[in-house]
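Novice: Here is a sequence with its predicted model. Questions after.
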Amino acid sequence: MGNSNDLAFVIGILLAVMSIPSLLNAWTEERAPRFGAMIGLTGLVLIGLAMSRHPGGYGLDDVLPAFRRVFNALLN
């Protein structure tokens, strides 16, 4: 696999995005958003870890290249 920082960054973004429907569902049903919060927090921790270990951090223009590198490494 390629760069582990890219992998952590991409998985973190995917987890954070996938937690949004669960958080919204819990909010509309007026219950505690335990699962969504846990998944979202895990995603944010992975993003923070990847940004702290990547030289210079990640910017908005680095997101798509990181996704490309991870998906290319998965396909090869």
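Specialist: Thanks, I have it.
Novice: Report the mean confidence score over the lengthiest helix in the chain.
Specialist: Secondary structure of the chain per DSSP state H: the longest helix is helix 4-28. In this model, helix 4-28 carries a mean pLDDT of 95.
Novice: quick one: buried residues of that helix?
Specialist: Within helix 4-28, the residues scored as buried using 16 or more other Cβ atoms under 10 Å are 5-13, 15-16, 19, 22, 26. For every residue, glycine as well, the C-beta is placed using N, CA and C.
Novice: One more: stretch 25-40?
Specialist: 26, 33, 36, 39-40.
Novice: give me the element residue 42 is part of.
Specialist: Taking DSSP states H and E as the definition, residue 42 sits inside helix 34-53.
Novice: related to what we said a few turns ago, which strands or helices does the longest helix of the chain pack on?
Specialist: helix 34-53, helix 63-75 (3 or more Cβ pairs under 8 Å, 6 or more residues apart in numbering; DSSP states H and E).
Novice: what angle separates the last one from helix 34-53?
Specialist: When axes from the mean of the first three to the mean of the last three Cα atoms, to 10 degrees is applied, the directions of helix 63-75 and helix 34-53 differ by 100 degrees.
Novice: Could I get the CA-only coordinates of helix 63-75 as CSV?
Specialist: The C-alpha trace of helix 63-75 is given here as CSV (Å, rounded to 0.1, in the frame of the first residue of the first chain):
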residue,chain,number,x,y,z
VAL,A,63,-7.8,15.9,-1.1
LEU,A,64,-8.4,14.6,-4.6
PRO,A,65,-4.8,13.5,-5.2
ALA,A,66,-4.9,11.6,-1.9
PHE,A,67,-8.1,9.8,-2.9
ARG,A,68,-6.5,9.0,-6.3
ARG,A,69,-3.3,7.6,-4.7
VAL,A,70,-5.3,5.4,-2.3
PHE,A,71,-7.7,4.1,-4.9
ASN,A,72,-4.9,3.5,-7.4
ALA,A,73,-3.0,1.5,-4.7
LEU,A,74,-6.1,-0.5,-4.0
LEU,A,75,-6.6,-1.3,-7.7
